[in-house]
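> Could you work out the structure for the sequence below:
(one chain, ligands or ions: 1)
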Amino acid sequence: MKGIEVFAPATVSNLGSGFDIIGFPVEDIGDVVVIKPVSQAEIRIVHLGGYGDIPREVEKNTASFALGKMFQKLEVKRGVELEIYKGIRPGSGIGSSAASAAAALTGANEWLGRPLSQLQLVELAMESEGMVSGSRHADNVAPALMGGITVVRSYNPLDIFRIEPPGQLYTVLLHPHIEVKTQTSRKILPRQVKLEDAVRQWGNVAGLIAGLQRGDYDLIGRSMEDVIVEPARARLIPGYDQLKTAAVEAGALNCSISGSGPSVLALCKGRENAEKVKSAMDQAYQNRQISFQSLITRVNPRGAVVQRKW
Ligand code: HSE
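Residues are numbered from 1 along each chain as shown. Prediction:
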């Protein structure tokens, strides 16, 4: 094999109450990684394209770092060069670091004859998340690798299940063009939570999963309520409260922060409602001094995919 090209999607995680456990990939947006075997036993990055403002150093880049861990685990003595095309802006809250790692791992696993399971790839990609954010969370890397809505039931041991999204579920994503580093937005989180808040959050997570599985849209909306993380992070996103109010008033099921922000997501029932919610959110953000992008997307049933092999 001379080369392999893999696409891995951007991902929305947390969905309100499901901090660090729930996530899904979106359609169309993602990173592409091209892997080419080389004769020297080393990993090198030879090209960074797109939103390429990310580290080129092998030990600081999530794609090469994850591959380093994989080669160590499998005792691979061969080397590869990487071309990374970033379709996702770093620090946007839609799994930019996760997508590069997921694409690189999927490509290398294919090259090596698929020695590792998806769960093992998730574990390796979590190492990259740990390197870049200080926390080995899987709610971006799991959906970026596996596709569909993924739920991390346990981190130790790692136990992840997948649920099918209900047919009319649409997502509006609004990305204010400011950068929020995951590391920063995790540092401001409370270290301890009150038992009554934990109980409320547990109820909401249970409702969110049941709602998604049953296609009970009202239950999904009610259960996105996040009493622990969102109150601490909302201040990192200028105009967040106005955005949320606009989305909910336009009929969104609910609205919350995508991953560690600054992207904001609103879940909606049906495309027509999603259009309405998107224009209400656009309008609410138009008078700010911050440029933004918004789009309507759906849960992508596919995670990282090999696009080309030659
Ligand atoms: N669950 C993570 C967080 C996602 O909210 O910090 C960020 O990558």
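> Show the average pLDDT along the longest helix along the chain.
As assigned by DSSP state H, the longest helix anywhere in the chain is helix 195-214. For helix 195-214, the mean pLDDT works out to 98.
> so what does it touch, helix or strand wise?
Under the contact criterion of 3 or more CB pairs under 8 Å, 6 or more residues apart in numbering; DSSP states H and E, helix 195-214 touches strand 22-38, strand 158-163, helix 217-223. C-beta here means a position set from N, CA and C on the backbone, and glycine is covered the same way.
> how about a cut-off of 7 Å?
The criterion is 3 or more CB pairs under 7 Å, 6 or more residues apart in numbering; DSSP states H and E, and the helices and strands that helix 195-214 contacts are strand 158-163, helix 217-223.
> Can you say which of the ones you listed is nearest to the ligand?
Smallest distance to the ligand across the helices and strands packed on helix 195-214 (CB to the nearest ligand atom): 13.9 Å, for strand 158-163.
> Buried residues in the closest one, which are they?
The neighbour-count check on strand 158-163 (16 or more other CB atoms under 10 Å) flags L158, I160, R162, I163 as buried.
> Any idea what the last one is bridged to?
On the basis of DSSP bridges, I163 takes part in beta bridges with I149.
> which ones are touching I45?
Contacts for I45 were tallied using CB atoms under 7 Å, 6 or more residues apart in numbering; they are R56, V58, N61, S64, L82, I84.
> For the fourth one, give its distance to A101.
By that I understand S64. Distance, S64 to A101, using CB to CB, to the nearest Å: 9 Å.
> Looking at the two, which has the bigger crowd around it?
A101 (37 against 26; other CB atoms under 10 Å).
> Is the host helix or strand of the more buried one in proximity to the ligand?
A101 belongs to helix 96-111 when elements are defined using DSSP states H and E. No: using CB under 6 Å from any ligand atom, helix 96-111 never reaches the ligand; the gap is at least 6.9 Å.
> I'd like the distance from that helix to the chain centre, please.
14 Å (CA atoms, centre = their mean, to the nearest Å).
> And for stretch 283-293?
Distance of stretch 283-293 from its chain centroid, counting by CA atoms, centre = their mean, is 23 Å.
> Same question for stretch 194-204.
The chain centre lies 24 Å from the centre of stretch 194-204; the measure is CA atoms, centre = their mean.
> which parts of it are buried?
Buried positions in stretch 194-204, judged by neighbour count with 16+ other CB under 10 Å: R200, Q201, N204.
> okay, among the contacts of I45, which ones form the most distant pair?
Taking every pair in the contacts of I45 and measuring CB to CB, the maximum separation is 11.6 Å, between V58 and I84.
> which element is the closest residue to T62 other than its chain neighbours on?
The shortest distance from T62 to any non-neighbouring residue, by CB to CB, 6 or more residues apart in numbering, is to S128 (3.9 Å). Following DSSP H and E, one finds S128 within helix 118-133.
> Could you export that helix as PDB, CA atoms only?
C-alpha atoms of helix 118-133 as PDB (Å, rounded to 0.1, in the frame of the first residue of the first chain):
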ATOM      1  CA  GLN A 118     -13.000   0.300  17.700                       C
ATOM      2  CA  LEU A 119     -12.900   0.300  21.500                       C
ATOM      3  CA  GLN A 120      -9.100   0.000  21.400                       C
ATOM      4  CA  LEU A 121      -9.000   2.900  18.900                       C
ATOM      5  CA  VAL A 122     -11.100   5.000  21.200                       C
ATOM      6  CA  GLU A 123      -8.700   4.300  24.100                       C
ATOM      7  CA  LEU A 124      -5.800   5.400  22.000                       C
ATOM      8  CA  ALA A 125      -7.600   8.500  20.800                       C
ATOM      9  CA  MET A 126      -8.400   9.300  24.500                       C
ATOM     10  CA  GLU A 127      -4.700   9.600  25.100                       C
ATOM     11  CA  SER A 128      -4.500  12.400  22.600                       C
ATOM     12  CA  GLU A 129      -7.500  14.200  24.300                       C
ATOM     13  CA  GLY A 130      -5.600  13.800  27.500                       C
ATOM     14  CA  MET A 131      -2.400  15.300  26.000                       C
ATOM     15  CA  VAL A 132      -4.200  18.300  24.600                       C
ATOM     16  CA  SER A 133      -6.800  19.100  27.200                       C
END
